[in-house]
Structure formats: structure tokens, C-alpha cells
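Any chance you could fold what I've pasted below:
(one chain, ligands or ions: 1)
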Amino acid sequence: MKILITGVNGFLGYYLAEQLLQKNFSVIATGKGECRLPFIGQHNFVYESMDFTDPFSIHDVFERVRPDVVIHAGAMSKPDECEMNQMKAYMMNVEGTVQLLINSADVKSFFVFVSTDFVFDGVKGIYNEEDAPQPVNYYGRTKLEAEEAVKDYENDWAIVRTVLVYGKNHTGRMNILTLVKEKLEKGEEYSVVDDQIRTPTYVEDLAKAIISIVEKRAKGIFHISGKDILTPYQMAVKTAVHLGLDKSLIKKVTAADFSQPAKRPPRTGFRIEKARRELGYEPLSFEEGLEKTFS
Ligand SMILES: NC(=O)c1ccc[n+]([C@@H]2O[C@H](COP(=O)([O-])OP(=O)(O)OC[C@H]3O[C@@H](n4cnc5c(N)ncnc54)[C@H](OP(=O)(O)O)[C@@H]3O)[C@@H](O)[C@H]2O)c1
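Model (predicted):
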């Protein structure tokens, strides 16, 4: 089975490629520009430079490769950047997805789209797959619009929504755990909100769940996250304690204390019963994920 991944140079992309290669799938890794992964030369790994906002680039790769499965993990994934560059965010997150769907339809690929908890308004919290989305920022709006395009796809599709992904970072993107380590090791204070709730997701659990979806050809929407409900402040303190760093440097703040371009949904987090039932998904606890992140 040939599996094409977009955004492979990103945080999740690395783990998708690694786990698919371990399972002997044929991986067509795509990203903008040069490959930044250490898998070049490995059996079953091919890298193609493909900008998914460029229809010619996509068409060229799809015609040559004809993937059986497309995992669309690439995105403009930072909410503040999306808020400040809305045209670019639309081109990347909506138009890019539409172009990939058009080319996937030609070869009847199974299309797996990675989406976000930010499609919800964050009022109710702990959402299931049937809850009604209502984004509060532009990033969430683009991801929801892309989801709508995926739902109209004429072949098999799955949408994987996830929440605050953390883990060891091989490709540059920081997450809350790696930021806590960096700041506290320098003796700097770090302000973190305590009035938002999330079910943080260990990155290897997310990659594993996506690969189960591919293997089972599971269709529809799946909520994939960790099982512990935490505020970002609680995550930061647990990280400091785990690393033996000075937790008094972590300052508890509220969203109102921050002026960020993109509004954040206050209470997200997921119910993961559907994934447990249909995929046999069982995530690590936050403590176990912490351990693996810094192992
Ligand atoms: N991380 C989280 O906490 C989180 C939470 C919820 C949902 N998600 C979703 O999960 C998915 C993966 O996120 P991530 O954390 O791995 O994000 P990431 O580290 O920012 O990776 C995204 C990748 O997409 C690539 N990309 C952007 N525009 C592209 C284009 N036009 N053509 C080709 N590649 C392009 C980026 O390339 P460059 O590296 O070259 O810029 C980057 O490597 C995204 O869909 C995101 O929306 C993430």
C-alpha cells in the first residue's frame, strides 16, 4: 500500500513517517522544499517536494505516484499566524485541501484529514464527534471549511481531530512541554493560562491512531486525544516537577491577561470512546507521555 503524507517535515509528519516505515508501508513523504527527516535512503521511503497550494506540483506527484492513501497532516497550524495572515491561511488550509481532494479523486485514494479541537467554541468542553462545531478564530474556521470539503469527497475519507499535541520534537516546532524545559533551564519565568481545559495528546499515540484508521480503512470523524483533562498551567507544573526544575518560575495567568491575535476556545478536550471502540485506541496517561517526551 502506497501512503502519501503531506507536511512530513512537521511535528506529526515525522512520527507518521517513522511508524509507517516500521510497519513496512511504502511511504511517499511530501513537504515544502528539502526533506528535513532522517529517513532518506531507507527502504520504502521516497521524498517528493510538493507545495500543496500549487495545483501543478500536486498533479505532477499524484500522476507519478498514484497513492492508495493520502494522510493530509500539513497545514498552517499556528492560530495567531492564521489570524494575522488570513488570505495565506485560507490558501493553505482550505484551498490546499481542496486541491489534494481533486487529485485524490482521480486515483480514488482513501483521504485522511488531520483537524483540530479548535473547530469548537470551547463552551461545553469534552466534545464527542457529534457535537456541533463553532470556531472562534480564523484557524478553526479554515480547518472546519476544509472538513466540509472532505465530507463531500466521493471516495472513502476520515477526519481525525486532535488536541494540543506534545512529545519529543525532531523538526523544530516547540510544544508546551519543550517550552517549559527551555525557559526554566534558563531560569526564565513562564506564564501559562489556567482557565482553559484540554486533553493533551501524546504525538506517538496520534500517529498510531491515524495508522489504525488507515489499516482498518475506518471512515468518518474520529476524536483522538489523551485521556487526562488538564489546564496548560497544570501541564507546565507537571513538566517542571518531572524534570526537577523550579516550578515557582511558572506563573498562573488567565486568557484575559494575554493579548493574542487569535481567541482560544476555553474548554475543549475530547471524548475518545468511539476511537476506543472502533480502533482499539488507548492513549498513554499524561505522566507516561511526559516520561517518553524526555526519555
Ligand atoms: N500541534 C498541535 O498541537 C495540533 C493540535 C490540533 C491539530 N493539529 C493539526 O495537526 C496537523 C499536524 O500539525 P503539526 O503540529 O505537525 O504542525 P507543524 O509542525 O506546523 O507541521 C505542518 C507542516 O505543514 C507544512 N506545510 C505548510 N504549508 C505547506 C504547503 N503549502 N505545502 C507543503 N507543506 C506545507 C509545514 O511545512 P514547513 O515546515 O516547511 O513550514 C509543516 O512541516 C495539522 O493539520 C494541524 O492543524 C495540530
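
need the residues of the stretch 1-150 of the chain near the ligand, please.
Counting by CB under 6 Å from any ligand atom, the stretch 1-150 of the chain comes close to the ligand at 6-7, 9-13, 31-32, 51-53, 73-77, 92, 96, 114, 116. The C-beta positions use only the backbone N, C-alpha and C, and glycine is treated the same way.

Now, these that are in helices?
With DSSP state H as the criterion, helices contain Phe11, Leu12, Gly13, Gly96 from among these.

okay if I get these as a markdown table plus neighbour count?
Output for those, formatted as a markdown table (neighbours: other CB atoms under 10 Å):
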| residue | neighbour count |
| --- | --- |
| Phe11 | 22 |
| Leu12 | 28 |
| Gly13 | 25 |
| Gly96 | 25 |
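
which one of those sits closest to Pro67?
Gly13 (15.0 Å; CB to CB).

count of residues packed around the spatially closest residue to the closest one that is not a sequence neighbour?
Once flanking residues are discounted, Gly13 sits nearest to Gly7: 4.9 Å by CB to CB, 6 or more residues apart in numbering. When counting by other CB atoms under 10 Å, one arrives at 25 neighbours for Gly7.

So what's the predicted local confidence for Gly7?
pLDDT, Gly7: 96.

and it, what does it touch?
Taking CB atoms under 8 Å, 6 or more residues apart in numbering, we find Gly7 in contact with Gly13, Thr30, Gly31, His72, Ala73, Gly74, Ala75.

mind pulling up the phi and psi values for the nearest residue to the third one once chain neighbours are set aside?
If I follow you right, that is Gly31. Spatial nearest neighbour of Gly31, chain neighbours left out: Asn9 (4.0 Å); criterion: CB to CB, 6+ apart. With angles defined as degrees, to the nearest 10, Asn9 sits at phi -80, psi 0.

Let me see the contact set for Asn9.
By CB under 8 Å, 6+ apart, the contact list for Asn9 reads Gly31, Lys32, Cys35, Arg36, Leu37, Thr171.

Return the distance of the second one relative to Met50.
Put plainly, it is Lys32. Distance, Lys32 to Met50, using CB to CB, to the nearest Å: 8 Å.

More neighbours: those two, which one.
Met50 (24 against 18).

In space, what's closest to that one - neighbours in sequence excluded?
Thr30 is the one closest to Met50 (CB to CB, 6+ apart), at 4.0 Å.

residue boundaries of the strands in the stretch 1-150 of the chain?
Here the stretch 1-150 of the chain has its strands, by DSSP state E, counting those that start in this stretch, at 2-6, 26-31, 45-49, 69-72, 110-116.

so Arg90 touches Thr142, yeah?
Small correction: residue 90 is Tyr, not Arg. Yes - counting by CB atoms under 8 Å, Thr142 is a contact partner of Tyr90 at 5.9 Å.

More neighbours: the two, which one.
Comparing Tyr90 with Thr142 by other CB under 10 Å, the one with more neighbours is Thr142, at 27 against 18.

Can you get me a residue count around the residue lying closest to the more buried one once chain neighbours are set aside?
Once flanking residues are discounted, Thr142 sits nearest to Asn93: 3.6 Å by CB to CB, 6+ apart. Neighbour count of Asn93, defined by other CB under 10 Å: 24.

if I look at Asn93, how far off is Ala75?
For Asn93, the distance to Ala75 equals 5 Å [CB to CB].

ok, back up a step: now the residue nearest to Met50: how far from Val61?
Between Thr30 and Val61 the computed distance is 7 Å (CB to CB).

Touching both of those two, which residues are there?
Leu4, Glu48, Met50.

check contacts around the closest residue to the ligand within the chain.
Here the chain gets closest to the ligand at one residue, Gly10, 2.0 Å apart by CB to the nearest ligand atom. Shown in contact with Gly10 (CB under 8 Å, 6+ apart): Gly31, Ala73, Gly74, Ser77, Thr171, Arg173.

All set, thanks.
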